[in-house]
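In: A predicted structure for the sequence below; I have some questions about it.
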There are 2 protein chains.
Amino acid sequence: MPEPRQRADAVRSREAVLDAAEALFARSGPAEVSMNAVASAAGVGKGTVFRAFTDRAGLLQALAERRTAALRRAVAEGPAPLGPGAPPHERIPAVLDALARFKLDNQSLYLVLEEAGAASPYRSPSYTWWHTTLRDSLAQCADAGRADFVAHALLAAVRADLIAHLLTVEGLSVDEIRDRLAVYVRSVLPRDTHA
Amino acid sequence: MPEPRQRADAVRSREAVLDAAEALFARSGPAEVSMNAVASAAGVGKGTVFRAFTDRAGLLQALAERRTAALRRAVAEGPAPLGPGAPPHERIPAVLDALARFKLDNQSLYLVLEEAGAASPYRSPSYTWWHTTLRDSLAQCADAGRADFVAHALLAAVRADLIAHLLTVEGLSVDEIRDRLAVYVRSVLPRDTHA
DNA sequence: TGCGATACGGACCGCCGGTCCGTATCGTCG
DNA sequence: CGACGATACGGACCGGCGGTCCGTATCGCA
């Protein structure tokens, strides 16, 4: 199966829809962006949107993939402290801090993305990637068998709706959130590796 | 305003709807229970359901309130280790374990309950209550200023969709989940109080 | 330049949460 | 005990959602 190539107009439409969707999600609240709205904002028929992305979840996922590409690259192959070269007890807080900052900058998108709805966020490739990365780093940090759960728990601490709540309802500043998170993450990591 | 009293039939309907809803949520998956289904399962018109609970969120909240009453009482005024008499470093793991077990027993209800949807779960009175309880216990455990965030982070570790994922996708047993959680919670609590 | 394959658009579908109002029931008071 | 005002009931109804379908327009290869 040699990748049947895509027609030029299809590629153009796909791009237009992604751009429009990104703009809409940035501007408005979570569930307020309908597929209809995306389609007409992109200057495209509804059918085209669904042809390109299958369903709502597909569009959201494509959006996430595109938006996080740079950050993921920085973590996967960049320099310390984010990259794989850094020692775990530096890398883990750095990665979580970067992820938290990123979610703070892309709140509305992530609020939608992590909405349970049909498929839980835990099945999405995006979550799985972060979890695996974190788990592997944690596994170098002594508590091998528990690394899997700890990775989940740490990621849960930076869930979009929690962060939004801290910011909006509890009135914390971005730096306060980052600070609390940093302290918390350090408290979870084993003490013996602390030097 | 002397509480205008309710008519007998209204009370009966309310009860019938709660019973029916509880049964439906226990049986089926999360988003698969429509208000229409609840109404007809309760042998009642749709209007009656909305009259009694205002909207979907109201019904869900009433359901949660009713279902967790016993557990909340045990935590608020019961004996150690759950009750307020227990020392924090025993009470906190006990409370989280109890909460996790409870969510394991009421998965589908909690999956619906914690769905972001309109209002985030963090604004619900139920969440606020658990958070306050946990925060107060944590505050007796040294790290005063951070207690608020730590309470959020620990509660995030027992979110319904995470627990469901561990159980369903990762195939952990109930006891494995409780064990991982216990170890994790202990790692978060300050070491100095460890004896 | 012609023609098969592909993509486009928007009318259309079933269903959802939520509203509305004519009708039936309640409970109080004479 | 009968009658009447207040309250609750039920289900037709509404706007809008995610998703489908198919006649039509466009693409790109020969």
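Out: That came in fine, so what should we check first? Numbers count the residues shown, from 1 in each chain, chains lettered A, B, ... in the order given.
In: Check which helix or strand A:Ala39 maps to.
Out: A:Ala39 belongs to helix A:35-41 when assigned by DSSP states H and E.
In: what about that helix, near DNA strand D?
Out: Yes - under the criterion of C-beta under 7 Å from any atom of the strand, DNA strand D is reached by helix A:35-41 at A:35-37. Yep, even glycine has a C-beta here, placed from its N, CA and C like the rest.
In: what comes up buried for stretch A:65-84?
Out: By neighbour count on 16 or more other C-beta atoms under 10 Å in any protein chain shown, the buried set for stretch A:65-84 is A:67-68, A:71-72, A:75, A:78, A:81-83.
In: what helices or strands is the helix or strand of chain A with the lowest mean pLDDT leaning on?
Out: Here the helix or strand of chain A ranked lowest by mean pLDDT, DSSP states H and E is helix A:107-113, holding a mean of 86. If you count contacts as 3 or more C-beta pairs under 8 Å, 6 or more residues apart in numbering or on different chains; DSSP states H and E, helix A:107-113 packs onto helix A:8-27, helix A:56-77, helix A:160-168.
In: Let me know the angle separating the first one from helix A:56-77.
Out: Just to be clear, that refers to helix A:8-27. What separates the directions of helix A:8-27 and helix A:56-77 is an angle of 80 degrees, with axes from the mean of the first three to the mean of the last three C-alpha atoms, to 10 degrees.
In: buried stuff in helix A:8-27?
Out: Buried, per 16+ other C-beta under 10 Å, within helix A:8-27: A:13-14, A:16-18, A:20-22, A:24-25.
In: what residues does chain A put near DNA strand D?
Out: Residues of chain A lying near DNA strand D (C-beta under 7 Å from any atom of the strand): A:5, A:7-9, A:34-37, A:46-47, A:50-51, A:55-57, A:118.
In: in which helix or strand would I find A:Val183?
Out: A:Val183 belongs to helix A:174-188, assigned by DSSP H and E.
In: Could you give me the buried positions within that helix?
Out: So for helix A:174-188, counting by 16+ other C-beta under 10 Å, buried means A:177-181, A:184-185, A:187-188.
In: about what we covered before: run through the neighbouring helices and strands of the helix holding A:Ala39.
Out: Using 3+ C-beta pairs under 8 Å, 6+ apart, helix A:35-41 sits against helix A:8-27, helix A:46-53, helix A:56-77.
In: In a markdown table, list these along with distance to DNA strand C and mean pLDDT.
Out: Listed next are those as a markdown table, based on distance: least, C-beta to the nearest atom of the strand, whole Å; pLDDT from 0 to 100:
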| stretch | distance to DNA strand C | mean pLDDT |
| --- | --- | --- |
| helix A:8-27 | 3 | 95 |
| helix A:46-53 | 2 | 98 |
| helix A:56-77 | 12 | 94 |
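In: Out of those helices, which is closest to chain B?
Out: helix A:56-77 (13.0 Å; C-beta to the nearest C-beta).
In: what about the following helix or strand past that closest one and chain B, any contact?
Out: Remark: after helix A:56-77, the chain's next helix or strand is helix A:88-105, criterion DSSP H and E. No - using C-beta under 8 Å from any C-beta of the partner chain, helix A:88-105 stays clear of chain B, with a minimum separation of 11.0 Å.
In: Run the angle between helix A:88-105 and helix A:174-188 for me.
Out: Using the same axes, to 10 degrees: helix A:88-105 against helix A:174-188 is 150 degrees.
In: Which parts of chain A belong to which domain?
Out: With domains defined by automatic domain parsing, chain A comprises A:1-53, A:67-193.
In: Centre of the chain to the first one, how far?
Out: So that's domain A:1-53. 20 Å (C-alpha atoms, centre = their mean, to the nearest Å).
In: next one: the last one
Out: Relative to its chain's centre, domain A:67-193 lies at 9 Å (C-alpha atoms, centre = their mean).
In: how close does A:Thr168 get to chain B?
Out: Per C-beta to the nearest C-beta, to the nearest Å, A:Thr168 is found 9 Å from chain B.
In: Buried residues, stretch A:161-170. List them.
Out: Counting neighbours by 16+ other C-beta under 10 Å, stretch A:161-170 gives A:161-167 as buried.
In: and which of the residues you listed is nearest A:Ser124?
Out: Proximity of these to A:Ser124 (C-beta to C-beta) peaks at A:Asp161, which lies at 15.5 Å.
In: Disregarding residues adjacent in the polypeptide, which is nearest to the closest one?
Out: Leaving aside its sequence neighbours, A:Asp161 sits nearest to B:Ser120 (C-beta to C-beta, 6 or more residues apart in numbering or on different chains; 4.7 Å).
In: can you check A:Leu99 too?
Out: Looking at A:Leu99 with C-beta to C-beta, 6+ apart, the closest residue is A:Val158, at 5.6 Å.
In: Assign that neighbour to helix, strand or coil.
Out: coil (DSSP: H, G, I helix; E, B strand; the rest coil).
In: From what I see, it and A:Phe102 are in contact.
Out: No - checked against C-beta atoms under 8 Å, the pair A:Val158 and A:Phe102 is beyond contact range at 9.3 Å.
In: Chain neighbours aside, what residue packs nearest to A:Ser126?
Out: A:Ala64 (5.2 Å).
In: Spit out the contact partners of the residue lying closest to A:Ala156 once chain neighbours are set aside.
Out: With C-beta to C-beta, 6+ apart as the criterion, A:Ala156 has its nearest non-adjacent residue at 3.8 Å, and that residue is B:Ala156. Contact analysis of B:Ala156 by C-beta atoms under 8 Å, 6 or more residues apart in numbering or on different chains lists A:153, A:156-157, A:159, A:162, B:162.
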